[in-house]
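# Quick one: sequence plus predicted model below, questions after.
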Amino acid sequence: GYLSALHVEDIKPNQYDPRISKTISQNGTCKIVDDTGCDLTFWYGYEDEYPENDSDDENDDYYYEDDEDDDGTLVVWTSNIDKVCPPLEDKDVAEACSKKTTCMDCSRSPGCGWCSSPHLEMKSRCSSIKENEKMCPTERREEKFNSVPTIIKESKEQTSRWSKAQLHPQQVELAMNVGDIQYLDFTYLFISSGTSLTHDLPENVDLKIFSSCGGDNLLTEISRCSGIFNGVTVKFYARFHLKSCPEKSSDWEKSYKLTLSQGDVLDIDLKMFCSCSCDKFSTDGICRNDKKTFLDINPCAEKNSCSECLQDSACNWCSDSKFSYFDGSPLPRCNNDNFFTSDLCNGNGKVDPPRALTGSEDCSTCNHTCSGGICEEHKQDLLDLNMCVSQLTCGDCMKEDGCAWCPQTDGAPRCNLVSKWIVGNEKRNDPNKHECQEDLYVDRSTISTDKIEFLQNSDYIYEDSPMPDMTDNTVEITMKEGQSYNLELLLKINLAHRNYEENQKFGEVKLMMKS
């Protein structure tokens with residue numbers, strides 16, 4: 001069998017620790033060199049008194065029990081401290097990085113870091129990550145991604161006892177920098193004897209999949225497993241390598257699919273670090289050695305309306321209400337045709353005629369209309385990071401944090417920040433505030449503050465069947481999409497049964513939610 005090594009850094013207090021076990025024998029070590037050139041050391045041994053194999057045990061992946069061998073349970077562990085990587089000459093890295101003149105180029109170079117501080121005079125703002133940490137304030141470092149694959153969805157809903165999910169996990173998120181290599185383990189329960197694996201990842205992402213296909217062979221790169229018995233679960237190891245950034249910025253965050261021929265799909269939400277936070281209108285960060293600003297390299301962004309924008313043949317307008325930067329902050333809607341923010345506009349919302357509009361033409365014409373979308377903007381809203389003004393319906397408005405909707409205005413956007421509306425008898429002496437001529441719709445999400453207590457006083461213990469509905473043990477919540485709500489649940493298990501013992505174990509507590 002194949003197993004993952006237990007990382008000693010992940011061992012929690014009171015959990016099994018092979019380093020201090022007195023019943024482990026035949027200890028040994030082995031070393032390998034991974035594909036980044038780092039030396040990895042693994043320790044192993046046979047444990048006579050390893051905890052019983054329980055399907056809910058967090059350590060299941062870290063040991064392998066061979067019924068044909070009476071040596072005990074094989075345990076393998078490793079430590080990040082003993083990972084030795086070849087030294088990089090920081091001077092050489094810094095010299096290579098210093099040749100990068102923009103934050104975008106710097107961020108796409110492994111080992112490089114950018115400093116966007118406007119308060120520092122620097123010949124080159126791109127240097128090695130180590131050097132950047134020494135000289136650049138923390139809040140002005142353009143931090144790259146530093147993560148491992150995140151499981152978004154472990155399994156699909158089981159609708160019957162026969163509909164067990166074969167593929168685990170079902171959805172993951174990868175956040176990668178250029179040059180990164182990340183590994184993802186996934187398993188598949190075979191019902192048919194074989195399956196082929198395909199994907200739709202772009203050419204700049206190299207994907208290799210390794211498996212023993214359930215046999216005793218060594219791990220090899222595969223695209224298909226066959227001859228597998230019904231009911232056997234096989235483990236796969238996917239290796240992702242981001243070689244470069246795609247040309248189109250709309251591809252820097254995108255979902256892809258790893259498909260098995262039986263129809264099961266692993267959804268991969270891929271984020272690539274290809275631009276910097278200073279590559280925006282609403283920042284004072286410096287993104288280029290020549291100190292050119294967002295407007296210097298994207299002059300179309302100075303224009304405030306669709307009609308004004310399209311009078312320049314080099315510009316295009318985005319009327320899509322969802323138009324934003326990757327972090328959700330608003331962007332100028334008029335952009336140069338060859339500037340990366342143009343590609344972030346949904347195709348249906350992009351207004352880009354083949355020639356410039358004449359003085360008698362505007363964006364109300366049928367051929368080049370922004371109707372049904374956003375036709376003008378105020379730059380102060382971009383500086384205030386005000387996404388409310390881009391919401392075209394009351395429903396969308398209520399989903400945004402801090403927004404309020406007015407059914408009838410004096411010409412102002414119907415959705416705006418709560419702070420932008422004149423409330424009650426407030427005097428209208430602020431030109432940036434607007435009066436709502438009807439009742440204002442604001443966030444109505446609530447959570448009950450009543451303290452609810454419930455005692456299960458029957459003698460029956462629910463082991464295999466769910467607890468019955470407790471209608472008098474319910475908290476009423478009015479929720480808003482995207483908003484987090486905190487609930488405190490206090491469980492006094494020593495009152496749950498009259499024969500309760502202090503050392504009695506219990507499995508889990510579930511909070512069930514219905515909408």
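Received the coordinates, thanks. All figures in this text were calculated on a predicted structure; none of them were measured in a lab. Residues are numbered from 1 along each chain as shown.
# and the end-to-end length of stretch 380-397?
With C-alpha to C-alpha, to the nearest Å as the measure, stretch 380-397 spans 19 Å from end to end.
# Any stretches of the stretch 101-250 of the chain with poor pLDDT?
157-163 (pLDDT under 70).
# show me where it has strands.
112-114, 126-128, 150-153, 167-168, 171-177, 181-189, 195-199, 205-211, 220-221, 224-225, 233-242 (DSSP state E, counting those that start in this stretch).
# hmm, who's touching the second one?
When you say that, I think you mean strand 126-128. Residues from elsewhere that reach strand 126-128, judged by C-beta atoms under 8 Å, 6 or more residues apart in numbering: 90, 93-94, 97-101, 103, 105-106, 109, 111-115, 135, 289. C-beta here means a position set from N, CA and C on the backbone, and glycine is covered the same way.
# Next: the fourth one.
Strand 167-168 is touched from outside by 154-155, 186-189, 260, 264-266, with contacts defined as C-beta under 8 Å, 6+ apart.
# Could you check how far the residue most central in space within the chain is from Ser21?
By C-alpha atoms, centre = their mean, the mean C-alpha position of the chain lies nearest to Glu173, the distance being 5.3 Å. Distance of Glu173 to Ser21, computed by C-beta to C-beta, to the nearest Å: 36 Å.
# picking up where we left off before, out of the strands of the stretch 101-250 of the chain, deepest packed?
With neighbours defined as mean count of other C-beta atoms under 10 Å, the strands of the stretch 101-250 of the chain peak in mean count at strand 112-114, which reaches a mean of 27.
# Direction included, what does that one pair up with?
Strand pairing for strand 112-114, determined by DSSP bridges: strand 126-128 (antiparallel).
# what's the spacing between the strand it pairs with and its chain's center?
26 Å (C-alpha atoms, centre = their mean, to the nearest Å).
# Likewise for stretch 192-200?
With C-alpha atoms, centre = their mean as the basis, stretch 192-200 stands 26 Å off its chain's centre.
# And stretch 287-307, by the same measure?
The answer for stretch 287-307 is 29 Å, by C-alpha atoms, centre = their mean.
# start to end distance for that stretch?
30 Å.
# Let me see the mean pLDDT of that stretch.
Stretch 287-307 carries an average pLDDT of 95.
# Buried residues, it. List them.
287-289, 293-294, 298-301, 303, 305-307 (16 or more other C-beta atoms under 10 Å).
# from those residues, which single one is nearest Ser249?
Closest approach between the buried residues of stretch 287-307 and Ser249, by C-beta to C-beta: Asn298, at 12.7 Å.
# Spatially nearest residue to that closest one, not counting backbone neighbours?
Phe339 (4.6 Å; C-beta to C-beta, 6 or more residues apart in numbering).
# Okay, the one you found and Ser244: tell me how far apart.
Distance, Phe339 to Ser244, by C-beta to C-beta: 20 Å.
# and those two? which has more neighbours close in?
Neighbour tally, Phe339 and Ser244, criterion other C-beta atoms under 10 Å: the higher count belongs to Phe339, 21 against 14.
# Give me the phi and psi for the more buried one.
Backbone torsions of Phe339, given as degrees, to the nearest 10, read phi -90, psi 140.
# Would you mind confirming that it is in contact with Ile297?
Yes: the criterion here is C-beta atoms under 8 Å, and Phe339 meets it with Ile297 at 7.2 Å.
# dump the residue contacts of Trp421.
Trp421 makes contacts with 404, 406, 433-436, 440, as judged by C-beta under 8 Å, 6+ apart.
# The residues you listed in strands, which ones?
404, 434-435 (DSSP state E).
# Can you select the buried ones among these for me in ChimeraX?
Command for ChimeraX that selects the buried part of the ones in strands among the contacts of Trp421, burial taken from 16+ other C-beta under 10 Å:
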select :404,434
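# Serialize the ones in strands among the contacts of Trp421 to a markdown table and add fields for pLDDT and distance to Leu383.
Converted to a markdown table, the ones in strands among the contacts of Trp421 look like this (pLDDT from 0 to 100; distance: C-beta to C-beta, whole Å):
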| residue | pLDDT | distance to Leu383 |
| --- | --- | --- |
| Ala404 | 93 | 20 |
| His434 | 88 | 18 |
| Glu435 | 87 | 23 |
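# of all the ones in strands among the contacts of Trp421, which comes closest to Ser319?
His434 (21.8 Å).
# Would you agree that closest one is in contact with Val423?
No: counting by C-beta under 8 Å, His434 sits too far from Val423 to count as a contact (11.0 Å).
# How about the secondary structure of Thr283?
State at Thr283, reduced to three classes by DSSP: H, G, I helix; E, B strand; the rest coil: coil.
# what about it, neighbour count?
17.
# State the distance from it to Asn336.
Thr283 is 18 Å from Asn336, by C-beta to C-beta.
# cool, Val8 as well?
53 Å.
# which residues sit against the helix or strand where Glu308 lies?
Counting by DSSP states H and E, the element that carries Glu308 is helix 306-309. For helix 306-309, the surrounding residues in contact (C-beta under 8 Å, 6+ apart) are 300, 303, 315-317, 319, 333-334, 351, 357, 361-364, 370, 375-376.
# repeat that with 6 Å
303, 315, 317, 334, 362-363, 370, 375 (C-beta atoms under 6 Å, 6 or more residues apart in numbering).
# Let me know the next secondary structure element after it.
Immediately after helix 306-309, counting by DSSP H and E, sits strand 315-318.
# quick one: strands adjacent to that next one?
Counting by DSSP bridges, strand 315-318 is paired with strand 334-336 (antiparallel), strand 350-351 (antiparallel).
# Please name the residues that touch the nearest residue to Met479 once chain neighbours are set aside.
With C-beta to C-beta, 6+ apart as the criterion, Met479 has its nearest non-adjacent residue at 5.7 Å, and that residue is Ser445. Ser445 makes contacts with 478-480, as judged by C-beta under 6 Å, 6+ apart.
# Give the residue spans of the stretch 251-400 of the chain that score low on pLDDT.
366.
# repeat that with 90
262-263, 282, 328, 346-348, 354, 358-372, 395, 398-400 (pLDDT under 90).
# can you pull out the helices in it?
All helices of the stretch 251-400 of the chain, identified by DSSP state H, counting those that start in this stretch, fall at 294-297, 306-309, 379-383, 394-399.
# Put together TSV for the ones you listed, with distance to Pro202 on each row.
Shown next, in TSV, are the helices of the stretch 251-400 of the chain (distance: least, C-beta to C-beta, whole Å):
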stretch	distance to Pro202
helix 294-297	26
helix 306-309	31
helix 379-383	31
helix 394-399	31
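# Which of those helices sits closest to Gly28?
helix 394-399 (57.2 Å).
# Please compute how far the closest one lies from its chain's middle.
For helix 394-399, the distance to the chain centre is 23 Å (C-alpha atoms, centre = their mean).
# other SSEs contacting it?
strand 403-405 (3 or more C-beta pairs under 6 Å, 6 or more residues apart in numbering; DSSP states H and E).
# What lies in contact with the strand it packs on?
Under C-beta under 6 Å, 6+ apart, the answer for strand 403-405 is 388, 394, 397, 414-415, 418, 421, 440-442.
# Assign Ala96 to helix, strand or coil.
Strictly by three-state DSSP, Ala96 counts as helix.
# Tally up the residues packed near it, please.
16.
# For Asn386, see how far away it is.
41 Å.
# how near is Ser212 to Tyr237?
Computed with C-beta to C-beta, the distance linking Ser212 and Tyr237 is 10 Å.
# just Leu344 next, same as before
34 Å.
# ok, now Thr102?
36 Å.
# now swap in Thr101 and tell me
Here the criterion is C-beta to C-beta. By it, Thr101 lies 39 Å from Tyr237.
# same deal with Ser282?
Counting by C-beta to C-beta - Ser282 and Tyr237 are separated by 42 Å.
# ok, now Cys30?
Taking C-beta to C-beta, one finds Cys30 at 18 Å from Tyr237.
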